[in-house]
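Novice: what's the 3D shape of this:
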Amino acid sequence: MRYKPSSNLPDDGKIARKGSTPWERKKALGVAKASPKKKAMAQKMRRNMTETEAILWDCLRQRRLLGYFFSRQRIIRGYIADFYCAELKVVIEVDGGYHTTAEQQQYDKHRDGVFRSCGIETIRVTDKDVKYKLADTIRKLKIKLKQIRKYRALNAVKDELKRLAEQREYPVKPEVFDDHIKRSRDAWAKANPNIGTQYDRREGTAKRNQSKRGISGRRPQQ
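Specialist: Next comes the predicted model:
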């Protein structure tokens, strides 16, 4: 299923990117404003994880999922998220059986809206899928994370091109666009060394085939 970003992402996480220090970034997300009671509750939830949360955490910890760092029981704007990835601004929630009630679904919808106001996307998985279909759940999570990563990278390039166009007061030339695309891809490859190698191999294979066939695209006669 193709990834469709939420329509009410106002600034694609600019709120969460405020500040250059870790303290300022935490303050932008509301982590620094968490009450001592809320922090104590998050610590208690870390010590007493549910069975399905422990199973999923074993697959996320120590950058085991696509090389991304996840933290558990993260406080964001007064809510405690099950698992949070700051690199992609993604929250993974494990929903139990009580999440099927109308009251809980309304609460989850409001909670997801608060996260979206910070530029954070929420991915929900059921406890039954984690417990009985773990391999399929991890496969779906990988697909969604790759789609979100691609969307974030393209948005970063578009924002940079828009900024350049506003500064120079004329449209950006195609070669400038290609240069920023390359810079963005190199930055992602450097930040995620275990990801993107398949794309690079495909690109290298395509270039080798093109050089063999010549400029016209046809294979040279032997």
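Novice: show me where pLDDT drops low in the protein?
Specialist: Along the chain, segments meeting pLDDT under 70 span 1-33, 168-182, 184-185, 187-222.
Novice: which parts of it are helices?
Specialist: 22-29, 36-47, 51-60, 102-117, 127-132, 134-168, 174-191, 197-213 (DSSP state H).
Novice: could I get the phi/psi values of residue 96?
Specialist: The phi/psi pair for residue 96 (degrees, to the nearest 10) reads phi -90, psi -170.
Novice: run a quick neighbour tally on it.
Specialist: 13 (other CB atoms under 10 Å). Glycine gets a C-beta too; all of them are placed from N, C-alpha and C.
Novice: now the one 5 residues further on
Specialist: When neighbours are counted by other CB under 10 Å, residue 101 registers 10.
Novice: same question, residue 138
Specialist: Residue 138: 17 neighbours (other CB under 10 Å).
Novice: then residue 34?
Specialist: 20.
Novice: just checking, it touches residue 77?
Specialist: No - shown here, residue 34 and residue 77 do not form a contact pair, counting by CB atoms under 8 Å, at 9.2 Å.
Novice: quick one: residue 80 and residue 111, what's the gap?
Specialist: 10 Å (CB to CB, to the nearest Å).
Novice: what's the answer for residue 150, then?
Specialist: Residue 150 sits at a distance of 26 Å from residue 111 (criterion: CB to CB).
Novice: compare those two (neighbour count), which wins?
Specialist: Shown here are residue 150 and residue 111; by other CB under 10 Å, residue 111 has more neighbours (19 against 12).
Novice: next up, the contacts around the more buried one.
Specialist: Residue 111 is in contact with 79, 122, counting by CB atoms under 8 Å, 6 or more residues apart in numbering.
Novice: swap in 7 Å and give it another go.
Specialist: residue 79 (CB atoms under 7 Å, 6 or more residues apart in numbering).
Novice: residue 141 now?
Specialist: Residue 141 neighbours (CB under 7 Å, 6+ apart): 65, 123.
Novice: ok, residue 98 next?
Specialist: Here residue 98 is in contact with residue 104 (CB under 7 Å, 6+ apart).
Novice: neighbours around residue 67, how many?
Specialist: Count around residue 67 with other CB under 10 Å applied: 12.
Novice: quick one: it from residue 41, how far?
Specialist: 30 Å.
Novice: and what of residue 120?
Specialist: 20 Å.
Novice: out of those two, which sits in the more crowded spot?
Specialist: residue 120 (25 against 15).
Novice: now the closest residue to the more buried one other than its chain neighbours: phi and psi?
Specialist: Distances taken as CB to CB, 6 or more residues apart in numbering put residue 89 closest to residue 120, at 4.7 Å, once the chain neighbours are dropped. The phi/psi pair for residue 89 (degrees, to the nearest 10) reads phi 60, psi 60.
Novice: swap in residue 50?
Specialist: phi -70, psi 170.
Novice: for it, what are its contacts?
Specialist: Taking CB under 7 Å, 6+ apart, one finds nothing in contact with residue 50.
Novice: swap the cut-off to 8 Å and go again
Specialist: 94, 96, 127.
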